[in-house]
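Chemist: quick check, what structure comes out for this input:
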Amino acid sequence: MGTDAEEFRDMTTMKTITSAAGAVLAGTVAAQAGGIERQVFSPGFLFESGNYFEMTFGSVSPSVSGVFSAVPLQSGDMAETYTTLSGALKLQLNEDLALGIVIDQPVGVDVSYPAGTFYPFAGSTATVDAVQLSVLGHYRLSPNVSVYGGLRAQRAEGRATVTPLPPAPYVMSTASDTAYGYVVGVAYERPDIALRVALSYVSEMTHDFAATDNLGPTPADFSTTIPQSVNLDFQTGIAANTLLFGSIRWRDWSEFTIMPRGVVPLSTDNRDTISYSLGLGRKFSDTLSGSVSVGYEPPVGGTAGNLGPTDGYKSVTLAGVYTAPSGMKVTVGASYGWIGDATTAIGGAQGIFTDNHYVGVGMKVGWKF
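Modeler: Now for the predicted structure:
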């Protein structure tokens, strides 16, 4: 192809921009997940040369509102702005073996229906907070093939106050619980054309929550499975200083439910999702690079949950990378997303959510040492 492999290798940062501004936003519109997904696993940092450390910050401002079909009552904006933080460390132990450590916030919920609107769920709130530690190994089998994998521990807790029709608030909270899972993956690389294809499997995790609610003195304990996923990430040079990158991701959201006591359906009947992204990166100079990418998750249809009334999305992300002479890289990005229309069940009527969107910004700083 006649491209400069080292130039392409420098541009791989732009693939991980999605962690700072794109993928961190995609979870906002995951209706099947009850709106819980916030950060997506990416093995990109494991392929940085030498020892490497990065920190990522993201902020997402979704706007999600609907109308009650029986009477024209507006819900108001029920999705709150949230932020995410993550860090990743890679230590090159020898020529073929590396150790990776990641701390992130893979799932979360911040839902708050405005009070006083007379919408059936007015005043309802829900929060889920989680933090996750992953310890990974990366081993190079040959100049072109490598494998990676490791263990993950995720600690989570949640609270919900749900006002149905007619008003009779259901109040529930959980204690913190830790669940465990694993990641395995394989990658193929051709450095001469900056080609890398990585296939990752992320296992499910099951939380067994101890919970209390206002339905009685007995425990409201329940289990929730954070579902498995399969991720395909790819990149390749297509011209000098130009990189094509993208991903395809399947996640088993049909396994995800939140049902305290086995009878209170806070999130049920979810459906599996497939998400796509595709982008172009361009290196303008030794210090400046940029990229544009688009994302798409097709709607799955059916009824969405009242705590996550969305169905699919389309998005566009712009990002820039500054590489300092010292080797430090600063990535900034912004995303705009069109959230898919959805309907929810409210008794014998519906909530109709249309023309919603989100705006997000992200920043990542990486160091080689």
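Chemist: shouldn't residue 45 be within a strand?
Modeler: No - per DSSP: H, G, I helix; E, B strand; the rest coil, residue 45 lies outside any strand segment and is helix.
Chemist: report pLDDT for the closest residue to it other than its chain neighbours.
Modeler: Nearest-residue entry for residue 45: residue 88, 4.5 Å, with adjacent residues in sequence omitted and distances by Cβ to Cβ, 6 or more residues apart in numbering. All C-beta spots, glycine's among them, are computed from the backbone N, C-alpha and C. pLDDT for residue 88: 97.
Chemist: what's the burial count for residue 88?
Modeler: 25 (other Cβ atoms under 10 Å).
Chemist: next, the buried residues of the helix or strand where it lies.
Modeler: Assigned by DSSP states H and E, residue 88 falls within strand 82-92. Neighbour-count burial for strand 82-92 flags 82-84, 86, 88, 90 (criterion: 16 or more other Cβ atoms under 10 Å).
Chemist: by contact count, what packs against it?
Modeler: The contact analysis (3 or more Cβ pairs under 8 Å, 6 or more residues apart in numbering; DSSP states H and E) places strand 82-92 against strand 52-63, strand 97-104.
Chemist: and residue 241, which of the ones you listed is closest to it?
Modeler: strand 52-63 (22.2 Å; Cβ to Cβ).
Chemist: the closest one versus strand 97-104: what angle between them?
Modeler: Going by axes from the mean of the first three to the mean of the last three Cα atoms, to 10 degrees, strand 52-63 is angled at 30 degrees with respect to strand 97-104.
Chemist: and strand 52-63, how far from the chain's centre?
Modeler: 11 Å (Cα atoms, centre = their mean, to the nearest Å).
Chemist: equivalent analysis for stretch 243-257, please.
Modeler: Distance, centroid of stretch 243-257 to centroid of chain: 9 Å (Cα atoms, centre = their mean).
Chemist: stretch 267-275 now?
Modeler: Worked out by Cα atoms, centre = their mean, stretch 267-275 lies 14 Å from the chain centre.
Chemist: quick revisit: so how far is residue 130 from the residue nearest to residue 45?
Modeler: 17 Å (Cβ to Cβ, to the nearest Å).
Chemist: now residue 142
Modeler: 37 Å.
Chemist: these two - which one has more neighbours?
Modeler: residue 130 (24 against 9).
Chemist: what's the nearest residue to residue 301 once chain neighbours are set aside sitting at in phi/psi?
Modeler: Nearest non-adjacent residue to residue 301, counting by Cβ to Cβ, 6+ apart: residue 311, 7.2 Å away. For residue 311, the backbone dihedrals are phi -150, psi 100 (criterion: degrees, to the nearest 10).
Chemist: residue contacts, residue 311?
Modeler: 31, 299-301, 304, 340-342 (Cβ atoms under 8 Å, 6 or more residues apart in numbering).
Chemist: can you pull the pLDDT of it?
Modeler: 92.
Chemist: then residue 18?
Modeler: pLDDT at residue 18 comes out at 39.
Chemist: so where is the stretch 151-300 of the chain shaky, pLDDT-wise?
Modeler: 165-166 (pLDDT under 70).
Chemist: how about the strands of it, start to end?
Modeler: 170-174, 177-190, 195-202, 205-209, 211-213, 222-226, 229-239, 242-251, 273-283, 288-297 (DSSP state E, counting those that start in this stretch).
Chemist: what strands line up against the first one, and which way round?
Modeler: Strand 170-174 has its sheet partners listed here by DSSP bridges as strand 145-162 (antiparallel), strand 211-213 (antiparallel).
Chemist: what's in contact with the last one?
Modeler: Residues outside strand 211-213 that contact it (Cβ under 8 Å, 6+ apart): 170-175, 219-222, 260-261, 264.
Chemist: right, and the helices and strands packed on strand 82-92 - which one's nearest residue 157?
Modeler: strand 97-104 (16.5 Å).
Chemist: in the contacts of residue 311, find the pair that's most separated.
Modeler: 300 and 341 (12.3 Å).
Chemist: as TSV, the strands of the stretch 151-300 of the chain with mean neighbour count would be great.
Modeler: Shown next, in TSV, are the strands of the stretch 151-300 of the chain (neighbours: other Cβ atoms under 10 Å):
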stretch	mean neighbour count
strand 170-174	19
strand 177-190	17
strand 195-202	19
strand 205-209	18
strand 211-213	18
strand 222-226	21
strand 229-239	19
strand 242-251	20
strand 273-283	20
strand 288-297	20
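Chemist: export those as a markdown table, with columns for distance to residue 43.
Modeler: Converted to a markdown table, the strands of the stretch 151-300 of the chain look like this (distance: least, Cβ to Cβ, whole Å):
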| stretch | distance to residue 43 |
| --- | --- |
| strand 170-174 | 31 |
| strand 177-190 | 6 |
| strand 195-202 | 5 |
| strand 205-209 | 18 |
| strand 211-213 | 35 |
| strand 222-226 | 19 |
| strand 229-239 | 7 |
| strand 242-251 | 11 |
| strand 273-283 | 15 |
| strand 288-297 | 18 |
